[in-house]
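S.K.: Task: produce atomic coordinates for the following.
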Amino acid sequence: MTSTAAAAVPAATPRTVLVTGGSKGIGRGIAERMLASGHRVAATYRSGDVPAGVLGVRADVTVPEQVEAAFAEVESALGSVEVLVANAGITRDTLLMRMSDEDWDAVLATNLTGAFRVARRAARPMIRARFGRMVFISSVVGQLGSAGQVNYAASKAGLVGMARSLARELGSRGVTANVLAPGFVETDMTAELGEAAVEKYTAQIPLGRLGAVDDVAAAVEFLASDAAGYVTGALLPVDGGLGMGH
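M.R.: Here you go, the predicted structure:
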């Protein structure tokens, strides 16, 4: 019975996947998982490197010309982008009264406007193909808020409105747009918080642990899959229950 049920599960259709910000942390984990699942994967990066087997494209999503060049390179090497994972993001944390215009502009330019640019560039080929998956990486902070992160929270909340508008615009063409909201995930960034801060955050999480990068990557894999063809405009939290009710 078990073997028959397993055999009935269709294999994932190999797709061309582009992950922005794929050199470290969550983005790198997503690129690795999608590659391991048999997809053709490209990832943009500004520094560092990308996983072996992934097509690395150096690009800054705040520069329109670099976005265009990145898509052209991916299309030439792997074909049109069928799955877009808009993950590139930065932080410039400080309290409101100390936050400069530059702190605000830099975070919005990367996290929100950058996502808009890559979505706009990906949309036309997806519409022509009548198939596409867009996944925007937000954060639990976009729903809960966080002192010292006015810019970051605003940018991550904005992705929800963007994705839901795209879901309405593009749904009739077979293109889905969804948002993933990770909570506190074990990355180099959270490692810098210190043991006391990590214990404090962990105590607020119903599952009692920080998330792993692969927890997020697995959810992305689902939203990008054929199995999620009837899921669009969704906000999927991967936060151990931290943001329940939001």
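
S.K.: Look up phi and psi at the nearest residue to residue 56 once chain neighbours are set aside.
M.R.: Computed as C-beta to C-beta, 6 or more residues apart in numbering, the closest residue to residue 56 that is not its neighbour in sequence is residue 50, at 3.9 Å. (Each C-beta comes from the backbone N, C-alpha and C, glycine too.) Residue 50 adopts backbone torsions of phi -120, psi 170, taken as degrees, to the nearest 10.

S.K.: how many neighbours does residue 50 have?
M.R.: Neighbourhood size, residue 50 [other C-beta atoms under 10 Å]: 24.

S.K.: Let the chain start at 50 from now.
M.R.: Sure, I'll start numbering at 50, so the last one becomes residue 99.

S.K.: show me the contacts for it.
M.R.: By C-beta atoms under 8 Å, 6 or more residues apart in numbering, the contact set of residue 99 is 71, 72, 77, 80, 92, 105.

S.K.: cool, and residue 151?
M.R.: Here residue 151 is in contact with residue 141 (C-beta under 8 Å, 6+ apart).

S.K.: what's the burial count for residue 220?
M.R.: 13.

S.K.: Tell me where this protein has helices.
M.R.: 51-57, 74-85, 113-127, 150-157, 163-178, 190-193, 199-219, 237-240, 244-252, 262-272 (DSSP state H).

S.K.: Report the central residue of this structure.
M.R.: Most central in the chain under C-alpha atoms, centre = their mean is residue 186, positioned 3.0 Å from the mean C-alpha point.

S.K.: Look up how far residue 229 lies from the residue lying closest to that residue once chain neighbours are set aside.
M.R.: Leaving out its chain neighbours, the residue that sits closest to residue 186 by C-beta to C-beta, 6+ apart is residue 136, at 4.3 Å. Residue 136 sits 9 Å away from residue 229, going by C-beta to C-beta, to the nearest Å.

S.K.: Same check on residue 171?
M.R.: From residue 171 over to residue 229 the distance is 17 Å, taken as C-beta to C-beta.
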